[in-house]
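Participant: Below are the sequence and a predicted model; questions follow.
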Amino acid sequence: MNKFIPVNIPKIFKNEKRFVNQALRTNWISSEGPFVKKFEKNFSIYNKKKFGVAVSNGTAALEIAIKSLNLKKGSEVIIPAFSIISTANAVIKNKLKPILVDCDLETWNMRSDETLKKITKKTKAIIITHIYGLPVDLKKILQIAKKKNIIIIEDTAEVIGLKYKNKICGSFGDLSTFSFYANKHITTGEGGMICTNSKKYYEKCKSLRNLSFSKSFYDRFNHDDIGWNYRMSNLQAALGCGQLKNINWIIKRKREIGNKYYSKLKNKDNIILQKNIISYAKNIYWVFGILVKKNSKISRNKIMKKLLKKNIETRPFFLPMNKQKIFKKMKLFNRIKAPNSEYLSKNGFYLPSGLGITNKQIDFVIKNLLKIIS
Ligand SMILES: Cc1ncc(COP(=O)(O)O)c(C=O)c1O
């Protein structure tokens, strides 16, 4: 088998085509169309939230969510060191101070004990980001945040459909953010959403998404705030409505893919895997990550290169925020250390894990990886 196996192939079902065609047929192609409202309603119901604001991507969702809090300049926002740069960017762009928390080596998520230690009088929000398929251990963070009036933004981009102790992730944050990029559990090609139970945050996020146009009919172009055009189009939302109809199948198949990799790759000499099941969750496998052991005879980069020679595409893990060249230039996290995140970043990579992968392709990846690492 020599055909290239990309790191992600999305899966589009019949309903998506039907709905997108309906949007085209009816000429509703901008963000004004009915699928946007339908997708917002159905997706927020799924996540046990009252309101949804569909946006252009998950990065935009984070930017808007943070701005909607209206925090004083310089307030501290706790974020994971190990995640996509969107989180830190959103905090910085809003003139707030990002405070990093390292991850643990078992779940690869931000540590809850570390998070609590980083709380100061200036802490106004915590961005909880669930990583790769397992949730952050939320219990204590939520308890303390409530007591201290700290706002929780729950970045649920990577774990749509995952449950923490039988409750859906995305239902815990005061505001929860999502991404619908092509490699996410549900995709609109590009897209995102903010879900919340708060009418106040909902109204503000809706306004910021759409250039904060005035609500007054005649005074429309007299804007209330410095917003963005971060709208989602009706075509994208039509795709999302179709995807959402298959969410149960998607979650089942994602777990099947992850479990297939896990059963063949667990307990191997040179690698470590993210936990399959922990006391509070069952991995939903956004991506299937491999962490190369410290004493491994073969390096991460060599494994990735050898897989690519077999036409198997992989991706390295995130680079922690304290190691980003742009933040070094800005002297942002100068003395901050996040040893676990740094270890993950140097030694981690993920395998093709998209919904479009076949069982035969998974077997091919496993066979070649085992040959390379043993
Ligand atoms: C945890 C997390 N948050 C936010 C984003 C940003 O989403 P988008 O690519 O839609 O901007 C990503 C992207 O992968 C992510 O993994």
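Facilitator: Here it is on my side, so go on.

Participant: all strands for the stretch 1-150 of the chain, in order.
Facilitator: 51-55, 76-80, 97-101, 123-129 (DSSP state E, counting those that start in this stretch).

Participant: Can you verify my assumption that I366 contacts Y261?
Facilitator: Yes. Assessed by CB atoms under 8 Å, I366 is found in contact with Y261 at 6.6 Å. (Glycine included, C-beta is placed from N, CA and C.)

Participant: So which of these two has more stuff around it?
Facilitator: For I366 versus Y261, the count of surrounding residues by other CB atoms under 10 Å is larger for Y261: 24 against 16.

Participant: How about the more buried one: what's its closest non-neighbour residue?
Facilitator: F288 (4.6 Å; CB to CB, 6 or more residues apart in numbering).

Participant: Quick check, that neighbour in contact with G258.
Facilitator: Yes. F288 is within contact range of G258, at 5.5 Å (criterion: CB under 8 Å).

Participant: To what extent is W108 buried, counted in neighbours?
Facilitator: When neighbours are defined as other CB under 10 Å, W108 has 24 of them.

Participant: Run through the residues that contact it.
Facilitator: Counting by CB atoms under 8 Å, 6 or more residues apart in numbering, W108 touches 82, 131-132, 134, 274, 289, 344.

Participant: if we go to 7 Å?
Facilitator: By CB atoms under 7 Å, 6 or more residues apart in numbering, the residues touching W108 are 82, 131-132, 274, 344.

Participant: now the residues you listed in JSON lines, with distance to E158?
Facilitator: Compiled in JSON lines, these are given as follows (distance: CB to CB, whole Å):
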{"residue": "F82", "distance to E158": "12"}
{"residue": "I131", "distance to E158": "6"}
{"residue": "Y132", "distance to E158": "6"}
{"residue": "Q274", "distance to E158": "12"}
{"residue": "L344", "distance to E158": "15"}
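
Participant: do you know how far the residue of the stretch 51-200 of the chain found nearest the ligand is from K167?
Facilitator: Nearest residue of the stretch 51-200 of the chain to the ligand (CB to the nearest ligand atom) works out as G58 at 2.5 Å. Distance, G58 to K167, by CB to CB, to the nearest Å: 21 Å.

Participant: So which residues on this protein come close to the ligand?
Facilitator: Proximity of the chain to the ligand, by CB under 6 Å from any ligand atom, involves residues 57-59, 83-84, 86, 129, 155, 157-158, 179, 181, 192.

Participant: repeat that for 5 Å
Facilitator: 57-59, 84, 86, 129, 155, 157-158, 179, 181 (CB under 5 Å from any ligand atom).

Participant: Could you give the bridge partners of the residue nearest to Y261?
Facilitator: L351 (DSSP bridges).

Participant: ok, now which ones touch it?
Facilitator: 258, 261, 350-351, 353 are the contacts of F288 under CB under 7 Å, 6+ apart.

Participant: between G58 and K167, who's got more neighbours?
Facilitator: Higher neighbour count among G58 and K167: G58, with 26 against 13, using other CB under 10 Å.

Participant: surely the more buried one meets N183?
Facilitator: No. Counting by CB atoms under 7 Å, G58 does not reach N183; the two are 11.2 Å apart.

Participant: show me what contacts the most centrally placed residue in the chain?
Facilitator: Nearest residue to the geometric centre of the chain (CA atoms, centre = their mean): A157, 2.4 Å. Going by CB under 7 Å, 6+ apart, A157 touches 58, 177-179, 184.

Participant: Scan the residues you listed and report the most crowded one.
Facilitator: T177 (33 neighbours).

Participant: From A61, how far out is it?
Facilitator: Distance from T177 to A61, by CB to CB: 4 Å.

Participant: tell me, what's touching these two both at once?
Facilitator: Taking CB under 7 Å, 6+ apart as the criterion, T177 and A61 both touch 192, 194.

Participant: hmm, back to that, where does the residue of the stretch 51-200 of the chain closest to the ligand land on pLDDT?
Facilitator: On the pLDDT scale, G58 is placed at 98.

Participant: Identify the residue nearest it in space, chain neighbours excluded?
Facilitator: Closest to G58 by CB to CB, 6+ apart is S179, at 2.6 Å.

Participant: again, but for L319
Facilitator: Nearest to L319 is S345, by CB to CB, 6+ apart, at 5.2 Å.

Participant: for L308, same thing?
Facilitator: T314 (7.3 Å).

Participant: check contacts around the one you found.
Facilitator: By CB under 7 Å, 6+ apart, the contact set of T314 is 7, 304, 307, 349-351.

Participant: quick one on the thing from earlier: the ligand: which of the contacts of F288 is nearest?
Facilitator: For the contacts of F288, the residue nearest the ligand by CB to the nearest ligand atom is Y350; the value is 11.7 Å.

Participant: That closest one touches W286, doesn't it?
Facilitator: No. The pair Y350 / W286 is not scored as a contact, 9.0 Å apart, by CB under 7 Å.

Participant: Report how many residues lie close to L344.
Facilitator: 27.

Participant: just the one 5 residues further on next, same as before
Facilitator: With neighbours defined by other CB under 10 Å, the count for F349 comes to 19.

Participant: thinking again about what came up before, for the helix or strand where the residue nearest to L319 lies, report the contacting residues that lie outside it.
Facilitator: S345 belongs to helix 339-347 when elements are defined using DSSP states H and E. Outside helix 339-347, the residues that touch it by CB under 7 Å, 6+ apart are 81-82, 102-105, 108, 291-292, 300, 317-320, 323.

Participant: Pull out the buried positions in that helix.
Facilitator: Judged by neighbour count (16 or more other CB atoms under 10 Å), helix 339-347 contains these buried residues: 340-347.

Participant: Can I get it in CSV, CA atoms only?
Facilitator: Presented in CSV, the C-alpha positions along helix 339-347 are these (Å, rounded to 0.1, in the frame of the first residue of the first chain):
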residue,chain,number,x,y,z
PRO,A,339,9.3,21.2,31.8
ASN,A,340,6.6,18.7,31.0
SER,A,341,5.2,20.8,28.1
GLU,A,342,8.8,21.2,26.8
TYR,A,343,9.3,17.4,27.0
LEU,A,344,6.0,16.8,25.2
SER,A,345,6.8,19.3,22.5
LYS,A,346,10.3,17.9,21.7
ASN,A,347,9.2,14.2,21.8
